[in-house]
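*Asks:* got a predicted structure here, sequence first:
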Amino acid sequence: MKPVEQPVPTTSLAGMLAAVSCRLDRDAGGWNLRLSGFDPGDAVELATDVRRTYDITPSVRMLGADATGIRARSRDDLLRVGGNVLRNHVRSRLDARQCGVTAPETDFMHHLLARSGAFAIRPIETEVYSTWVDVGISTSPDAAEQPADLSLIYDLVSNTWHADF
């Protein structure tokens, strides 16, 4: 009997260059977080995780093929969602090596989004080292179109986030 070959996991160049972006804004109905580059199921799962973890009730709506909107009354609630986007990005880069990755605190996300109201991350702009993860972030107003202009550090030893805002 011939052994079954297992596929070798690979990451495509297109996948490494694809941006996931978040944009926070406010209208008459409250605060909105627009997520682009997410699979719609992933965005719903993200909102469900936030709902369960923080006991908030954001509403989720599909805005297009790769865009999802999350609305909440409180800005802090959506900053937590954005923090979970960063946490999930770091988890994905670590594979199964680290399961206790924490999301950045609300204050950290406030400072990050104070720059332009948006951020984008790409796998190719993230480097994993033995004790930390360096996450390149674009914070320009058209963040998904621009290269990283800020480095966020996730310390694997202390489970904390650091940046020079």
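*Replies:* Now that the structure is in, tell me what you want to look at.
*Asks:* so where's the protein uncertain?
*Replies:* Low-confidence segments of the chain, defined by pLDDT under 70, span residues 1-15, 40, 55-58, 96-98.
*Asks:* that one: strands as residue ranges?
*Replies:* Using DSSP state E, the strands found in the chain span residues 20-27, 30-36, 59-62, 67-72, 118-128, 132-138, 150-155, 160-162.
*Asks:* find the centremost residue of the chain, please.
*Replies:* For the chain, the residue sitting closest to the mean C-alpha position, by CA atoms, centre = their mean, is Val85 at 2.4 Å.
*Asks:* ok, it to Gly37 distance?
*Replies:* 10 Å (CB to CB, to the nearest Å). Glycine gets a C-beta too; all of them are placed from N, C-alpha and C.
*Asks:* do the same with Ala28
*Replies:* 27 Å.
*Asks:* which one is Ala114 nearest to, not counting chain neighbours?
*Replies:* With sequence-adjacent residues excluded and distances taken as CB to CB, 6 or more residues apart in numbering, Ala114 is closest to Phe165, at 7.7 Å.
*Asks:* tell me how far the one you found lies from Thr102.
*Replies:* 19 Å.
*Asks:* could you list which residues are in contact with the residue lying closest to the residue nearest to the centre of the chain once chain neighbours are set aside?
*Replies:* For Val85, the nearest residue in space outside its immediate sequence neighbours is Cys22; the separation is 5.7 Å by CB to CB, 6+ apart. Residues in contact with Cys22 (CB atoms under 8 Å, 6 or more residues apart in numbering) are 33-36, 81-82, 85, 113, 118-120.
*Asks:* how much space between the residue lying closest to Val60 once chain neighbours are set aside and Leu150?
*Replies:* Take Val60 and drop its neighbours on the chain: the residue closest to it by CB to CB, 6+ apart is Ala47, 4.7 Å away. Look at Ala47 and Leu150: by CB to CB, they are 25 Å apart.
*Asks:* more neighbours: those two, which one.
*Replies:* Set side by side, Ala47 and Leu150 show more neighbours around Ala47, with 22 against 16, by other CB atoms under 10 Å.
*Asks:* so the more buried one makes contact with Arg80?
*Replies:* No: assessed by CB atoms under 8 Å, Ala47 is found out of contact with Arg80, at 10.6 Å.
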